[in-house]
Each structure stands twice: as C-alpha cells, then as structure tokens.
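> sequence? don't have it. structure:
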RNA sequence: UUUCGGAGCGC
DNA sequence: ATTACTATTGGCGCTCCGAAA
Ligand SMILES: [Mg+2]
Ligand SMILES: [Mg+2]
C-alpha cells in the first residue's frame, strides 16, 4: 500500500478541535518525501492548452475527455470535460451521439426448411433470405434496413454455428423495434445482435477503452437542454467519435483535472413511518484535482460548506448562530428539509462536480437523498447527476436507506462518477471491517467517533452538541475523501477501466463481471468474432441464483504434515498460476470445445480436450500475454525509475494489470456470465492440480520433504539452519520446474524460520527480514483465529501470546511455564471480572436481512439483529453484528444468551458467562495451538484455566441441568420480535371463491391435520384459491386500513415526530406528547406494522421449505402488491406532512 | 456418520 | 379478479458452529 501513514495523528478528546485544526491535520497527513516533486498542477496543462481548446460554435473538431456515458432510446450521451478557451479552464460537456445503428448478424441456413420445419433439398439463395427478411421487416414495422454479406467467426456456446462463415449483416435504426432474440426462419437459423444496446455498440465499435481523449468531428451545438453540463454538443454519427490516435504527435496523455465533491449527510429517523430525514448535509469541494498525482491533492485548494436544517418541533439552541459565526465556518441554516435539498442541488449545479465521494454513498446516502427529494417534490433533483430528468425512476422499495440502491437509482447520477469508499475498500483492501471508523484508524490513523444514527436528534438540544454534530458531519466528508486518496481509488479504477474498456462508473461500483465482459467483447470483436448476446433467454428461465453450488473442482490442497518446525521452511509459488496455464496450454474458446450440451450428464462434466488443429494462438492466451508483457514492461521501468510521482502511478498500473489478468478465470467460471465457459474453467483448474502434483513429485524425487501446498505453492522442510543452503535448494527446484514450461514460472516466495502447521489453510510462521542490518521478526498467521472476526479479543490476545512464546528463543520449559502462568492469570482475571465487556465481543456478519433467515432462532447474531431492528437500529445484509454471551440459568441455547454490548450496558442483570468463554473461546484455541508441542500437556492447559481438565464436564452439567426444562419453553422468548410486533395487527381472512368461507391466512404454509400444506389451498374446501381473487381481496383489505388511517390523521396537524425518537418502539408514546398526536402516531405506526404484517405473510424467502414455481409467483406477486402500497403510502404520508 | 443451515478464512 | 420481469451477483477448498436424521 503505497506509503505508510505518518504515525501520530490523533484527535484529542474525540471532537474538540478547532476548525483550523482540520487543515493542519490534513497537512500533516499528506506531507511526505514526495512533496518536493509536487508542482502546481495547473502548470502541467499549459503545454496542452492550445491543442485542446474548445469553442462551441466553430471548428471542425475538438478534444473531449470522456468519463461516463448513458443510453436512452438508442441515443448515447457521453459526459466529460473540454477545455474552455475563453475562461481558461476545464468545463463539463455532454456529447449526444445520434443515429447509432443496430447491427444484426443473420446466419443463413444451408437448405431451406419446409412448412413443417423439416429441412429440404433446396439450397438457400441470397434472394430467399432477403425475401424472408422483408416479411419480417414489415411484420415488425421496421422502416428500413441495409444488408451486407460479411464473414465472421464464432466460438461460443451455441451449437450448430460454424467456426467461420458468411452472415448477412443488417443495419437499422434504434428507433425501430427490436427483434426477439430467439427469432429464426425458413432461410436462416439464428440472428445475433438483436438485443445489443447502443452504448455497447458505440464503445466496442469505436474502440473506446475507458476514459480517454476523444476527437469529436462534425459537431453542432445542441439545440435542446439535455443535460446539466456547461456545454452541450450533438453529433449525427458515431463516426464522429474517434479515440485520439497514439501515433498522433498531438497525443495527450494527461488526464484533465477533476472537480471532486465529498458529500456526507446526517439523518434523523422519523419513527412514525420509519423514514430517514436529512438534517445536515456537508461537502468538501476540491475544484482542481489531478487524480494520478494524489499526494498533492489534499494540499490543493478546497472549500467546505454545510447546510443545517431546523427540526419541526425543536427550536435551535440559543446562541447557536453566534457561535457558528464566530467559528468561521460556512454553515447555512435553513428552515426545513426542502430548503436544505434545494440548496444542496444548487451548490451541485454551481460547482458541477465530476466525481462525488462518500462512504457507503451509493447504498445509503444516495438512496435517502433520492427518496427525500421525490417525497418532497424537489424540482431540480436530477442535478445529482448530469442528465436532465423529469420522470422519476423506480426507487428502492421502502422508506429509503434500508438496503441496496437499485440500478435505476445509480443511473440517475450518470455524468458524475460515484466514488464510494465503502465499495472501494471492500474490493481493493482486505480489511476485516469496512466501516468508516475502522478504515480511518487503519489507513489514516485517525480516531473517529461513532454517532449512532438513531441518536442524531439528541444533538439538537444544546448548541455545543449541535456544533459537535456539524463538525462530525464535516469531518466524515473529509475522512471519506482522504481514504479515497489514500487507497488511490481513482487512479486504480481509471487504469482498470482503461484495460477492460468498460464504463468507469461500473468499475467504481465494484463488479468484476462488467470489466471482464468488456475486456472479452473488445478482444473478440477486434478479431471479427460474433460475441454471445447479452441475455440468454434459456438462462433467465432457470435463474436459481439463490443456490450456490460448486459445479466443478478447483485447486489441489496437499495434506499438511502437521507439527512444529524449527528448521527453515522454503516456500515456492507459481506466479499467476491460472493466467499462465491459459497461455501455456493455449486454452481459448477457439481451441476448447465450449458448446452448450444443455444437459447435466456425464458428458458435460468430462474434461475437454485441447484441440490441436488450431496451431494459431487463441484469443485468451494472446490477451493475457499482452497483459503480462505490459506488466513486465511496467515493472522494468519501475526498477530504473527515479521520479517518485511516476513510481506511484507505475505501481498502480502494474497492480491493475495483475488484477485484470487474474480476474478473468473467475469470470469464465461464473455461470451467469456472457462468456460462461465451464469447460475452460475446468480445464484450467485441472491443469493447475496436475502442475502442482508434478511439482511435488519433482521435489520428492530429489528427496525433499514437502510438508504442505495450496493450489499454486509448495512448502519444503529443508531441515537445515543454513539460509544459503535453503536458497540453493530453492534455486535448484525453481530451475528444474521452470525448464519444463514456457509460460509458467515458479518463484521463491520466502523462507520461514519456524513454522507451526496446524491444519489445511491454517498455520503460523516466523519470518526473519533483514532491514538495515537489523533482523526484524514477523509472525505470519494464515487462517488462524487471530485473523478471524468470530473470536473475541480475549481469545485473539491469548492466541497471539502463545504464538509469540512458541516462536521465541526461550527454552521449551520456560515457554511452557510462561503459557501456563499466562492462562492462570487470564482465567483468574476473567473470573474476577477484570476485563471490560468489549473484550468479550464476538463479531458475525449478516448475510441477508435478519427476517429472511429460516433458522433465525438458533443463530445468535440473527437474534441480536432482530432485537436491534425492533429498537429501530437498521440491520442490513453485510452488517457486522456484535454480541456477547451472557449467563442465564433459564436459557440453554447459546443463541438466546447472546446480547448486544449495548443491551449489557443498559441491563445490569446481564452477566457475562465467563465459564462459557473459558470453555468455548479460550480452551479449544489453546489446545489446538499447543497440540503439536509435545512438552505442553492438554490436562495442564485446562487446569491452568481452572477447567478441571475437560470440556466434557461442562457439557454434562449443562445437559443435565437442561433436561429439567421443557423444550417448548425456549420458543417463547424467541418469538418475541415477531409475535410482539404483530400483536395488534388485524389478521387477514380472505374468502375462498369456491366455498365462500372465510379462513385466516397464516403465511406461506398452513399446518393442517399434522401436515404442512400450501396456504393457497382453502382449508375448508381444499381447492386452490386463484391469484385474482386473493389479489382483489388484498387490495380491498389494505385500502380499508388506509382509509381508516386517513380519516383520523386529517383531523389534527401532523408533525414529524423526531422528539420521541429515544422512546423505544414498542413503548408507544412518550408522556410529553399530547393525546391527539399520540393517536396519530400510533395509527401511523400501526398502519405500517399492518402492512409489514401482510408483507411478512407473503415472504417466501423466510421459509426453508421448497415452494412450487407457480405458487412462488403468486406469493411474490401478492408481496409486491403490499410493497407498492407501502411505497405509495410512505410518499403520501410525507406529502401530507410537508404541507404544514 | 450424513444431511441441512450458518459463519469466513484460504488460494 | 389475474402480478411482475428491463437490469444486479467472479471461482472453488477447508474448517468452524448448530440442529435433525
Ligand atoms: Mg501465486
Ligand atoms: Mg500462493
């Protein structure tokens, strides 16, 4: 990771800093050895000014750096920057590309089909095809098209498509209708390219490889206002878009400076309808950023502004304005949320950022911003992006900020790149936690204070606290931009996009699929191949994306020779094994049979052969070869390069090339990928296994002791203390292996001085590094508890300590004693409550919404999450849930004894179950670490922990003591979240249209006569109730509830209810609230709970049982009805409120 | 011992 | 009294947990 952060940057007393300190902090953070080379960025561009100057009204061409693009109705809009001659600066520009044509490739049959679809003897002539196509043209009302005969290659899944043949290429407008993708006729068997979209065509055919300078020719000024860009251009043909030629003497390498805005908002939860409302928005704007030159960024000009809004029922604390005025801050105070959002949109329009940065911006802040703007009717909402819009897209269901943003939401920001440091960290760092607090500490060494969203409103009570909250908001926007610079997110994604040739905005969103798809599209299109079409109707039908089954075998993992080694261990590792294999064996779509066999039979899982008839190097190997060669080139330049600034950008380039090459294999094995090639993926892994095995055999033949190996590496016990001997062995094997291959390359990865090999993929080792004549000792831990989040800090510390002792130079006897006494001390301290609660926290991630777990009652973290959610704390998939195991004599199950740290803080009856921790968190780990150490005795270890030598006893006593409890008693508490929530809802009793009898609808399944049956079956007459009947009754029922709610709520003045936020959710309403409001709030809430109840009834995800496909469709349709109402009512409810 | 479900490390 | 669907998701190998057989 580039450079290490400077060490001593801390904020004293959390947030008591002056505004000027923010600046000095940044200064300190970013100053480093490279500062001498940082120049005034604008000077870099001086030499290019003449070449790229731009005037709207004349000239044959102009230069344009594109960063983003979108498509609407077959027209493509490119967004980017041009240099404005008059004002001498870069401004945003939108180029509208009209008249992009669909490209169809019609595969003619050899023989004509007759009426029955049978092949005849009659050969197909050109005229036959044209005739049939003419009928199709009329049928689909296509105004006109042109034909041309072309030669194309094909190598993908579809059977019966020749490797190379003549096609009829049809070209027609996107204004005309799209043909169905599975169309075929008497004279042709298939048409490729029916559903290819205009943007893809433009990018592929004009060979746009990521953001770059484009020469735009034959352009006109736009007549309509299409975008929010400062200037707009129209071209009438895609041919006007030309990537600047590399051989052009006027070539421009520099990326223009960008306007970057780091945006952060604070919200308050409106308990009435579970809505997040925006109360503070804060942004830092860097108006002139050279993304490659990241070191200079924070020291460039920037400015910050903040908008604060008043809460409806809460006056601002006295003296706030004076305090703000004296603090020299740009804080705009407005009266309500509408004004805040209008102001924010105005700023965005004025400053026109190219890139918006935030932490978890895409899934959280953006979603909230859009929901609020839609609800409050902000007219210029689309300024969040650069394309003018009047129609709202479908927003994510629900109230906003509750889950991932939809594609529609992401697309409205088109023209401005969203740079989300949460996504970025997830993809390019492997940090155990990607929260802003953790990342700040890790990357910037800055301690960040957590403010729980549900407590925000409390900060509105005093002026100092409110200032604190404002500073916190401002500081968060600084942090996310600092993290973005630190992990070099923009230059890295810029490079990745350049190699893959996709959209930069997609790279920033983090999916590998899109990058690899475009990488291959460019590569195959360039060689005149027809590429697979976008959505395969066959695949879409059986979209069982729910299940992730392993479909072919992967890497070889050698059985480890477990134990403790104190002689040198040699590690050899193949560089980029899979990409190398593809080159070594010339594995490609063109050399391996990838036809879709359509059946899951044996044949399909048989390993394909590499066909020898193609002597020519395949496309994939060629592609990877150029990537590898480019990387080698870059690395060789790095060796001689002296310019530190250049070094950093070269290193990023090198990294991006490696990432691109390595991610290709995963994409080929991904079953929904457009270039899915299971045979290739299978072949690659099988070759990998073969190669590793051969390497092991080679080493063994030379009588070396291979103790372990994983996929692409082997470890050898050299049984010597002489490092030179070890190196010789390494070189010997390396030479012998590398001789056998042309592309594959094994390298010495390192040496372990000592090693503790515990299990497959689980070991610790001591590495000695020589640095400036000093030997630095590092303990490397792989797969060990120490690196895992699901162990509490106490376990991790214990594990760390023991490893340290085992690897120390102490005698075994000393070491043993130290461990025993450490454990004695530890257990004593635990039992006498010497540690804080935090030391007992266990982390687990929520992989789905807590409600969606089928076994929620036995998962500690799920139960904790459910309780958190009931209290109004948002719990989303991907969140890490903390819990601590407590003692409770009434409860047996671990899951029921798990509590969130905050619950323990509040409830002093909860006591940590020390014995459980000693038995389950400390002992197993200690035993497993010490198992290979002969001198250390298991009994002694348990005794040191005061555990009477065995887990068994603990379990025994527990089992005995639990046998007195009725098993059913457990379920009571467990059910609380749901049972309690839906305690007062009205049950749904639809009438069966067959027997006209009412019966309660209880969920997906109904227990009847001891059997579980679908609840779509009427329990009275056992006939299936049709969808229509149910839907109508559901509409009716919901409308009744809504009507009831509206009648009451119109009687009084509605208010937001931020004041009562600290009241817990079930505890109805606070005393300070008058009766009228109480009533309304209660009703509002009950309406939402009622609707949630309906949604719960139809939630198919929750049940573990399998459901018939048709029934599943009915349930999800019913669920969608409910969701639509929820969305609609949420909107109306807010509208009503905002009138006051 | 298997199955299912759940963690998240490893390459 | 008949819903919705534009759209999204890299691979496999290995060891833990718990529950029901
Ligand atoms: Mg490797
Ligand atoms: Mg390796």
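Arrived safely, thanks for sending. The structure displayed is predicted, hence computed values, not measured ones. Residues are numbered from 1 along each chain as shown, chains lettered A, B, ... in the order given. Ligands and ions are numbered 1, 2, ... in the order given.
> spell out the secondary structure type for residue A:1091.
The three-state assignment at residue A:1091 reads helix, by DSSP: H, G, I helix; E, B strand; the rest coil.
> just give the nearest non-adjacent residue to residue A:810, would you?
Spatial nearest neighbour of residue A:810, chain neighbours left out: residue A:818 (7.3 Å); criterion: Cβ to Cβ, 6 or more residues apart in numbering. Every residue, glycine included, has its C-beta placed from N, CA and C.
> what's the pLDDT at that neighbour?
Among the per-residue scores, residue A:818 holds a pLDDT of 96.
> I'd say it and residue A:812 touch.
No: using Cβ atoms under 8 Å, residue A:818 is not in contact with residue A:812, being 10.6 Å away.
> in contact with residue A:279, which residues?
A:266, A:267, A:268, A:308, A:309, A:311, A:337, A:340, A:456, A:457, A:460 (Cβ atoms under 8 Å, 6 or more residues apart in numbering).
> and residue A:818 and residue A:812? Which one has more around it.
residue A:818 (16 against 13; other Cβ atoms under 10 Å).
> the more buried one: which element?
helix A:812-831 (DSSP states H and E).
> near RNA strand B, which residues of the stretch 401-550 of chain A?
A:430, A:432 (Cβ under 7 Å from any atom of the strand).
> if we use 6 Å, what do you get?
Proximity of the stretch 401-550 of chain A to RNA strand B (Cβ under 6 Å from any atom of the strand) is limited to residues residue A:432.
> as a check, name the ranges of all helices in the stretch 401-550 of chain A.
Using DSSP state H, counting those that start in this stretch, the helices of the stretch 401-550 of chain A run over residues A:407-411, A:421-428, A:436-439, A:463-486, A:489-500, A:504-509, A:512-526, A:537-541.
> okay if I get the ones you listed as TSV plus mean neighbour count, mean pLDDT and distance to residue A:69?
Output for these, formatted as TSV (neighbours: other Cβ atoms under 10 Å; pLDDT from 0 to 100; distance: least, Cβ to Cβ, whole Å):
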stretch	mean neighbour count	mean pLDDT	distance to residue A:69
helix A:407-411	16	80	11
helix A:421-428	22	93	20
helix A:436-439	20	93	30
helix A:463-486	22	94	22
helix A:489-500	24	96	12
helix A:504-509	23	95	9
helix A:512-526	21	97	12
helix A:537-541	11	50	26
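> among those helices, which comes closest to residue A:201?
Residue A:201 lies closest to helix A:512-526 among the helices of the stretch 401-550 of chain A, at 10.0 Å (Cβ to Cβ).
> same for that closest one, what does it pack against?
Here helix A:512-526 touches helix A:198-205, helix A:489-500, helix A:504-509, helix A:619-640, helix A:644-668, going by 3 or more Cβ pairs under 8 Å, 6 or more residues apart in numbering; DSSP states H and E.
> give me the angle between that helix and helix A:198-205.
50 degrees (axes from the mean of the first three to the mean of the last three Cα atoms, to 10 degrees).
> pLDDT score for the residue in the stretch 1-150 of chain A positioned nearest to DNA strand C?
Residue nearest to DNA strand C within the stretch 1-150 of chain A: residue A:72 (8.2 Å; Cβ to the nearest atom of the strand). Reported pLDDT at residue A:72 in the predicted model: 92.
> need the contact list for the nearest residue to residue A:574 once chain neighbours are set aside.
Using Cβ to Cβ, 6+ apart and skipping the chain neighbours, the partner closest in space to residue A:574 is residue A:712 (4.3 Å). By Cβ under 8 Å, 6+ apart, the contact set of residue A:712 is A:555, A:573, A:574, A:577, A:688, A:692.
> relative to residue A:240, which of the residues you listed is nearest.
Using Cβ to Cβ, residue A:577 comes nearest to residue A:240 of the contacts of residue A:712, at 44.5 Å.
> ok so, going back, the helices and strands packed on helix A:512-526: which one's closest to residue A:922?
Across the helices and strands packed on helix A:512-526, closest to residue A:922 is helix A:644-668 (Cβ to Cβ), at 37.9 Å.
> that closest one and RNA strand B, are they touching?
No: on the criterion Cβ under 6 Å from any atom of the strand, helix A:644-668 is out of touch with RNA strand B, staying 9.2 Å away.
> other SSEs contacting that helix?
By 3+ Cβ pairs under 8 Å, 6+ apart, helix A:644-668 packs against helix A:489-500, helix A:512-526, helix A:577-584, helix A:619-640, helix A:678-701.
> helix or strand right after the last one?
It refers to helix A:678-701. Next helix or strand after helix A:678-701 toward the C-terminus (DSSP H and E): strand A:705-708.
> which single residue of the stretch 451-600 of chain A ends up nearest ligand 2?
Relative to ligand 2, the nearest point of the stretch 451-600 of chain A is residue A:573 (4.4 Å; Cβ to the ion).
> where's that residue, which helix or strand?
strand A:569-574.
> so is that strand next to RNA strand B?
No: Strand A:569-574 lies out of reach of RNA strand B by Cβ under 6 Å from any atom of the strand, never closer than 6.8 Å.
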